[in-house]
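Novice: Sequence and predicted structure below; questions after.
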Amino acid sequence: MKKIKSAVLEKNQKIIVRDIDHAKLEPDECEVKITDAGLCSSDIERAYNNGAYFYPLVMGHELSGEIVDLGSDISNELSIGDKVCIFPLLPCFKCSACKQSLFALCEDYSYYGSRQHGGFAEYLNVKKWNILKLPNGVSTKDGALVEPTAVALHAVKKLNIDKNCKTSLCIFGAGFLGLIATQIVDKLYPNCEIILVDRNQFKLDIGTKYQTQNRCVGDQKSWDSFLSEKGNSFDYVIEFVGVPETFSAAVDVSAAKANVVWAGNITADLTLTKQQISSILRKELTITGTWNSIYKGQEVCDWSESIDMIDKGLKPSELVSLNIDLEELDATLSKLYQHKKRKSKFNVIKIMVNPNN
C-alpha cells in the first residue's frame, strides 16, 4: 500500500510527522496532491484543547491542490492536472436539510480534517462532488482560502445590506473572516461604511488597507468607551470573535431595525440582561445565526461566487502571514494556542501549510 507523509495528531497537543497508509482510490474519488492547506482557528481547539473526535487524526480542511489520479467513475468534467479546491463537508444526502440542498446543515455528515483524515498530508482522496476546478487566474493559495472566504460571504449575505442607501456596519473580529468580509462588503456594497473592532492593533492595521475604520479595544477602559460611544449606532453587525462579550455587544451597538449576524463559534455561555432583551424587542432587531456556507457542487452557490470574486480581483492570499511545512505544524499550533490564551504574542492573520514542500 502507498505511504504518504502526514502531520498526525497522535493525542492532544502532540503532532508527529510520519508516513501513513494511503487509502485505496474509490471509483467516485480523485486523488489530489495537496499544494496548500490553510490553518483554521478551529484547528487550534482541535489539536490543543481536546477538540478532536478521535486519535490519530490528520487535520486540514481549507484545501487546494492538483488532481493526480482519477477514480473509475470520474468522467471528463475533471482531468489529471486540474487545479482544484475542496469543499470539506461530506453530507449524507438523505436528511431533511440535504433534501433542501442545505448540505452544511446535514444531520449526519462527515468532514475532511475533523471526522475523517484531511489535508495536512501530501495527498488526499476526495469525492468528485466535493471538488471545484479553479480558473486559470486563481492560484492554489487563493484556492485553499475559498472555504473561509465562502463562510464570510455567506455571513455577509445574511445581513441583507441595502445597496442603494448609505449604511453602517460593525464587524467584531479582525481575523481572516473579519478582514475578508470587509473586502467583500467594500466590493459588493460600496455605500456601506465599515468599522472593524478588535483588541489586536496588528490585525486592525491590516484592515486599514481595505477602506475601513478601526477601533482597538485592548483593555476594559477602551472597550467601555467604545460601547458608550457607539451604542445604538449601526445598521448592520457581524460577530466573528466567538466570545460572549462580543455577542452581547452586538445587541448594544445595533440601531433600531438593525440586522445582526452571529457567526463566531461561541466559547462560553451567553447571558443577556433584562435590559438587553428589552432592547432587542424595542429596537425590533433581527438576529440571525450563520453556519458554514452554501455549497451545491457545480451549481451557483457561495463557493462558486467566492471563486468568481477571487478571479475578478479579491485576494484572500494577501492575508497569509506565514507559510510552513508539515514539520513546523506542531510548533506553530502551540504558538497560536499560547497567543489565544494570552500567554505570549504571535501576531499572524492566516497561516498556510504546504505539505509538498
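Specialist: Arrived safely, thanks for sending.

Novice: First-to-last residue distance for stretch 67-86?
Specialist: 11 Å (CA to CA, to the nearest Å).

Novice: so what's Asn292 up against?
Specialist: Taking CB atoms under 8 Å, 6 or more residues apart in numbering as the criterion, Asn292 is in contact with Leu89, Ala104, Leu105, Val151, His154. (C-beta placed from N, C-alpha, C; glycine too.)

Novice: what secondary structure does Val8 sit in?
Specialist: Assigned with DSSP: H, G, I helix; E, B strand; the rest coil, Val8 falls in the strand class.

Novice: Burial check on it, number of neighbours?
Specialist: One way to gauge burial is a neighbour count; for Val8, by other CB atoms under 10 Å, it gives 21.

Novice: Touching, it and Asp21? I think so.
Specialist: No. The pair Val8 and Asp21 does not pass the contact test of CB atoms under 8 Å, sitting 11.6 Å apart.

Novice: So which of the contacts of Asn292 wins on neighbours?
Specialist: Taking other CB under 10 Å as the neighbour criterion, Val151 ranks highest of the contacts of Asn292 with 25 neighbours.

Novice: Apart from its neighbours in sequence, what residue is nearest it?
Specialist: In space, Val151 comes closest to Ser293 once its chain neighbours are excluded; the distance is 5.0 Å by CB to CB, 6 or more residues apart in numbering.

Novice: Give me the pLDDT value at the one you found.
Specialist: What the model reports for Ser293 is a pLDDT of 97.

Novice: re the thing from before, nearest to Glu66, of the contacts of Asn292?
Specialist: For Glu66, the closest of these turns out to be Leu89, at 21.7 Å, with distances computed as CB to CB.

Novice: can you pull the contacts of that closest one?
Specialist: When the contact criterion is CB under 8 Å, 6+ apart, the partners of Leu89 are Phe103, Ala104, Cys106, Tyr109, Ser110, Tyr111, Asn130, Asn292, Tyr295.

Novice: how close does it get to Leu326?
Specialist: Relative to Leu326, Leu89 is positioned 24 Å away (criterion: CB to CB, to the nearest Å).

Novice: repeat for Lys187
Specialist: 34 Å.

Novice: Between those two, which is the more surrounded one?
Specialist: Legend: neighbour count by other CB under 10 Å for Lys187 and Leu326, higher for Leu326 (23 against 14).

Novice: Pretty sure that one sits against Thr332.
Specialist: No. Taking CB under 8 Å as the definition, Leu326 is not a contact partner of Thr332, at 10.5 Å.

Novice: Spatially nearest residue to Pro27, not counting backbone neighbours?
Specialist: Asp73 (4.0 Å).

Novice: Mind pulling up the pLDDT for the one you found?
Specialist: On the pLDDT scale, Asp73 gets 94.

Novice: Would you verify that it is located in a helix?
Specialist: No. For Asp73, which was evaluated using three-state DSSP, the result is coil, with no helix membership.

Novice: got a list of what it touches?
Specialist: Residues touching Asp73, when contacts are defined by CB under 8 Å, 6+ apart, comprise Pro27, Asp28, Lys128.

Novice: swap the cut-off to 10 Å and go again
Specialist: In this structure, Asp73 makes contact with Glu26, Pro27, Asp28, Glu29, Lys128, judged by CB atoms under 10 Å, 6 or more residues apart in numbering.

Novice: Repeat that for Tyr337.
Specialist: Taking CB under 10 Å, 6+ apart as the criterion, Tyr337 is in contact with Gln13, Ile44, Glu45, Ala47, Tyr48, Asn49, Lys343, Ser344, Phe346.

Novice: What helix or strand is it located in?
Specialist: Taking DSSP states H and E as the definition, one finds Tyr337 inside helix 329-340.

Novice: Give me the buried positions along that helix.
Specialist: Buried positions in helix 329-340, judged by neighbour count with 16 or more other CB atoms under 10 Å: Leu329, Asp330, Thr332, Leu333, Ser334, Leu336, Tyr337, His339.

Novice: now do stretch 191-209
Specialist: Burial within stretch 191-209, assessed by neighbour count using 16+ other CB under 10 Å, is assigned to 192-200, 203-204, 206-207.

Novice: And for stretch 68-81?
Specialist: The neighbour-count criterion (16+ other CB under 10 Å) identifies Leu70, Gly71, Ile74, Leu78 as the buried residues of stretch 68-81.

Novice: Tell me which of the contacts of Leu89 fall in strands.
Specialist: Using DSSP state E to define strands, the subset of the contacts of Leu89 located there is Ser110, Tyr111.

Novice: what's around the residue nearest to Asp21 when sequence neighbours are not counted, how many residues?
Specialist: Excluding the flanking residues, the one nearest Asp21 by CB to CB, 6+ apart is Met1, at 4.9 Å. Other residues near Met1 number 7, with proximity taken as other CB under 10 Å.

Novice: Isn't Lys335 up against Leu39?
Specialist: No. Between Lys335 and Leu39 there is no contact, the gap being 11.0 Å when judged by CB atoms under 10 Å.

Novice: Which neighbours do those two have in common?
Specialist: Overlap between the neighbourhoods of Lys335 and Leu39 consists of Val348, Ile351, taking contacts as CB under 10 Å, 6+ apart.

Novice: Select from the contacts of Tyr337 the one having the most neighbours.
Specialist: Ala47 (26 neighbours).

Novice: List the buried residues of stretch 108-127.
Specialist: If you call a residue buried by 16+ other CB under 10 Å, then stretch 108-127 has these buried ones: 109, 112-115, 117-126.

Novice: ugh, wrong one, I meant stretch 4-17
Specialist: Buried, per 16+ other CB under 10 Å, within stretch 4-17: Ile4, Lys5, Ser6, Ala7, Val8, Leu9, Ile15, Val17.
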